[in-house]
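Student: My questions are about this predicted structure, shown below with the sequence.
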Amino acid sequence: MPSTVRTRFAPSPTGYMHIGGMRTALFNWLWARHNKGQFILRIDDTDQARNQEAALGPILRAFRWLGLDWDEGPDVGGPYAPYYQSQRGELYRAAAEKLEATGQAYRDYATKDEIDADRKQAEREKRPYINIRRSLELTDAQKAAFTAEGRPWVLRFLIPRGQKVALDDHIRGHVEWETALLPDPVILRGDGSPLYNFATVVDDAQLQITHVVRAEEHLSNTPVQILLHQALGNTLPEFAHVPYVAAPGSKEKLSKRKIDQYRKNPQFKKMFEKADEVFGQLGLTGSAALDPVMVEYYERVGYLPAAVLNALGRIGWSLDDSTEILSLETMIEHFTLDRVVQAPAGFDPDKLYSFQGHWMKELPLADKLDGCLPYLVQAKLLAEPVSEPMRKFVEAIIVGLGERLKVFSDILAADYFFRDDFAVDEKNFDKRVRKEGVPAHLAAFRRRLQSVEPFTVPAIESALQAYCQETGEQTGTLIHALRLATTGQPVGPGVYDCLVLLGREKSLARIETALARCRT
RNA sequence: GGCCCCAUCGUCUAACCCGGUUAGGACACAGGGUUUUCAUCCCUGCAAUGCGGGUUCAAAUCCCGCUGGGGUCACCA
C-alpha cells in the first residue's frame, strides 16, 4: 500500500465538462497536491453508448485550460495503465470470477419482465423493493440446462443480508446502512461488460486510490461499494462526499438537463445574454451549444482560469473567516477535507464575476493583450497576422479601457476603434448630441481640434477646458457629446483617450458625421 | 413512498468539534464621496442562527422531535 495520497476523478465522456464536476475534480486535485500525492484521471466509459473519443476532448481541454494536471491518465499513461475502463475488461472479468467462485456473486436468469413485475408488486404492497433471488433456488441440473440452451443471464453480487455497513466519511461523518434494504446489484451485464458500481471498486483498488472524493449523490452507492471491496479482500479507501453544486439561488443540483429553465434564472440570465452577444459577434451560432453549466462557456467568454478556480474553490470550502481571494497555490497550501461544508451550495455567477474583476486587474498587460487579440481576429475586426503597430494600438485601447475590461470578450464592445460603421446608441445620442445648442458647440470645438498640437490627452483636455471657460459651457456637455459623436456609445475609455486613439483625422470626420446626422 | 444527507444575512461562508463574540467577512443591493461620463476606488447602510422541547448559570454551538429542502432508489455514470 503506498503511503502517498492518491485521488482520482473519473468522468464519463459526455462531450462537455460540467462546472459542478469541475469543482469535485478541483477538490480531488487539491487534496492530492496538498499532500504531495498523485491525482489520477480515469475515464469511466463502461457504458458503450457513451464511449466516443470526441466526447472526451472537451473534458481534457477543461482540465488543461484550468491548469489542473494529472499524474496518471489519458495521454500521460502511468503504472496502472490503461486508464480507460473500456480497456480494462480483463480486470473486471477476473474480479467477477473471483466473486462467483467464492459464492459471493451469482448468475441471475430473471428476465426484465419478471423484475418489473416484482418491483410493481413491492410498490403495491408499499414495501421496499428487494430483488427476489429465484436463481439461487435453481438446482444444478436446471442451471446446466439453462447454460446448455444459452439462456441469458447477468451476474449479481450477493449482498450479505442482515448486517450493517458503516462508513466514516471525511465530510459526512458516521453513516450506516442496513444491508437488508440493499438489492443485489448487477455487476456484469448480459454481454459481460461491467457496471459502474463494480468497475469503480475494482479500479479504485487496482489504482491504489487512498481517498475517494466525489459528489454526495454517490453516497447511496457507497454501502454496495464497501461490501464489494470487502468481498474482494481490498483495503478500503477513505471516502469524502462533497456536497453537490446547486443552481444559482436554489438547493437543486445543477443539471445540464434543466438548461432551458436556467435561461429564466435571474442570475444565469445575464450569462446567457452575454453568450448570445459575444458569440453572435464572433459569428458562432449563439449560446445554443455553449451554456454556463459547461466549463467551456467560461473559457469562450474570456474568463480567467484563476477566477473560475477561485470561485469553484469557494463553493463549499473556505480557508478561514475572511479570505476570499485564493490563488491555486494558496488553495493547495490550505486545502483540507475537514473544512468542506456539508450543505449543498449554489453556484453564484455574480461572485465569479467579482473574482474575475480581481484577477483581471492582476493580469499583466501583455497577457491581457494575448487574451483579447483572438476575439478581435475572430470577429474579423483585425486581420491576421496582427502587425506590431496594430498590437500596440490594441494594447493602448486595453490601457484606456482599464477595469472596464472584465472578461476578454469585452474588447468587442470597443469595436468602434476598428470600424467606421459602428453602432450608435440612439437614445443617448438624442440626449447628449441632438440637443439645443450642442451641435453648435460641437462644431466650434471641432474647429479647435483641427489645430490642437500635439494631438495628445493633455493638449486636448486643456483645449476643451479653455473652450468651456470662454463660452461658459459645462465641460460635461462637450465630453458627452464628443463621446457619442466619435464612438456612438455612452460609456467607454476617457473621451480624450478615445480621441487620441482614433487620431485627429478620424475624430474630426466622425464629429462631422454626427453633425450631419443631427441635421436630418 | 423507502433509504440517506442537509438546515447561519438574498447568495457564498466564519464561529459549531472543545457552549459565554455587539453572530464576523465577501458578493449582491441601497445611499454618500472621488473620477465633470461609465467602470474602478473609498465610506456608510441593509440583512441571518427554520420551529418546538430539553440539558445548562449560559445554546447558533450539545440531545430529541417537528417542519422544510435535497440526493438516491437501472443490465447510466
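Tutor: Ah, there it is.
Student: Tell me which residue lies nearest the centroid of chain A.
Tutor: The structure's chain A has its C-alpha centroid closest to residue A:295; by Cα atoms, centre = their mean the separation is 2.5 Å.
Student: so that one makes contact with residue A:309?
Tutor: No. If you go by Cβ atoms under 8 Å, residue A:295 and residue A:309 don't touch, sitting 10.9 Å apart. C-beta: built from backbone N, CA, C; applies to glycine.
Student: Which stretches in the stretch 301-450 of chain A count as strands?
Tutor: Using DSSP state E, counting those that start in this stretch, the strands found in the stretch 301-450 of chain A span residues A:345-346.
Student: rewinding a little: which residues are common contacts for residue A:295 and residue A:309?
Tutor: Residues touching both residue A:295 and residue A:309 by Cβ atoms under 8 Å, 6 or more residues apart in numbering: residue A:66.
Student: Can you pull the poorly scored residue ranges out of the stretch 1-150 of chain A?
Tutor: Residues of the stretch 1-150 of chain A that meet the criterion pLDDT under 70 lie in A:1-3, A:48-51.
Student: near RNA strand B, which residues of it show up?
Tutor: A:10-12, A:44-47, A:50, A:111-112, A:115, A:119, A:126, A:128-129 (Cβ under 7 Å from any atom of the strand).
Student: give me that answer again for 6 Å
Tutor: Counting by Cβ under 6 Å from any atom of the strand, the stretch 1-150 of chain A comes close to RNA strand B at A:12, A:44, A:46, A:47, A:112, A:126, A:128.
Student: How about the stretch 251-400 of chain A?
Tutor: Near RNA strand B, when you scan the stretch 251-400 of chain A using Cβ under 6 Å from any atom of the strand, you find A:251-253, A:314-316, A:318, A:321-322, A:324, A:339, A:341-346, A:348, A:350-351, A:354.
Student: Those residues, buried ones only, as a ChimeraX selection?
Tutor: Per 16 or more other Cβ atoms under 10 Å, the buried members of those correspond to this ChimeraX selection:
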select /A:253,314,315,316,318,344,345,346,348,351
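Student: Can you flag which of the residues of the stretch 251-400 of chain A next to RNA strand B belong to helices?
Tutor: Using DSSP state H, A:350, A:351, A:354 are the members of those that sit in helices.
Student: List the residues that contact the spatially closest residue to residue A:408 that is not a sequence neighbour.
Tutor: What sits nearest to residue A:408 in space, not counting adjacent residues and going by Cβ to Cβ, 6 or more residues apart in numbering, is residue A:302, at 2.9 Å. Residue A:302 makes contacts with A:278, A:371, A:372, A:375, A:407, A:408, A:409, A:410, as judged by Cβ under 8 Å, 6+ apart.
Student: How about residue A:282: what's its closest non-neighbour residue?
Tutor: That would be residue A:378: by Cβ to Cβ, 6+ apart, it lies 4.9 Å from residue A:282.
Student: returning to what we had before: for the residues of the stretch 1-150 of chain A next to RNA strand B, pick the one with the most neighbours.
Tutor: Within these, residue A:46 tops the neighbour count with 23 neighbours, counted by other Cβ atoms under 10 Å.
Student: Restrict stretch A:184-193 to CA atoms and write it as PDB.
Tutor: Taking C-alpha atoms only, stretch A:184-193 is exported to PDB below (Å, rounded to 0.1, in the frame of the first residue of the first chain):
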ATOM      1  CA  ASP A 184     -28.300  -7.400  -5.100                       C
ATOM      2  CA  PRO A 185     -26.700  -5.200  -7.700                       C
ATOM      3  CA  VAL A 186     -25.900  -6.400 -11.200                       C
ATOM      4  CA  ILE A 187     -22.100  -6.300 -11.600                       C
ATOM      5  CA  LEU A 188     -21.800  -7.800 -15.100                       C
ATOM      6  CA  ARG A 189     -24.300  -7.200 -17.900                       C
ATOM      7  CA  GLY A 190     -25.600  -9.900 -20.200                       C
ATOM      8  CA  ASP A 191     -22.800  -9.200 -22.600                       C
ATOM      9  CA  GLY A 192     -20.200  -9.500 -19.900                       C
ATOM     10  CA  SER A 193     -19.400  -5.800 -19.500                       C
END
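Student: Which positions in it come out as buried?
Tutor: For stretch A:184-193, burial by neighbour count (16+ other Cβ under 10 Å) applies to A:184, A:185, A:186, A:187, A:188, A:193.
Student: what sits against the fourth one?
Tutor: Shown here is residue A:187, whose contacts under the criterion Cβ under 8 Å, 6+ apart are A:96, A:99, A:105, A:155, A:156, A:157, A:194, A:195, A:197, A:198, A:228.
Student: at 7 Å what do you get?
Tutor: A:96, A:105, A:155, A:156, A:157, A:194, A:195, A:198 (Cβ atoms under 7 Å, 6 or more residues apart in numbering).
Student: Would you check that residue A:356 makes contact with residue A:406?
Tutor: Yes. Applying Cβ atoms under 7 Å as the test, residue A:356 and residue A:406 come out as touching, 5.9 Å apart.
Student: Which residue, other than its chain neighbours, is closest to residue A:16?
Tutor: Nearest one to residue A:16, counting by Cβ to Cβ, 6+ apart, is residue A:294 at 4.5 Å.
Student: isn't residue A:345 right next to residue A:316, touching?
Tutor: Yes. Residue A:345 lies in contact with residue A:316 (Cβ under 7 Å); the separation is 4.8 Å.
Student: list residues touching both of the two?
Tutor: Joint contacts of residue A:345 and residue A:316 (Cβ under 7 Å, 6+ apart) are residue A:243.
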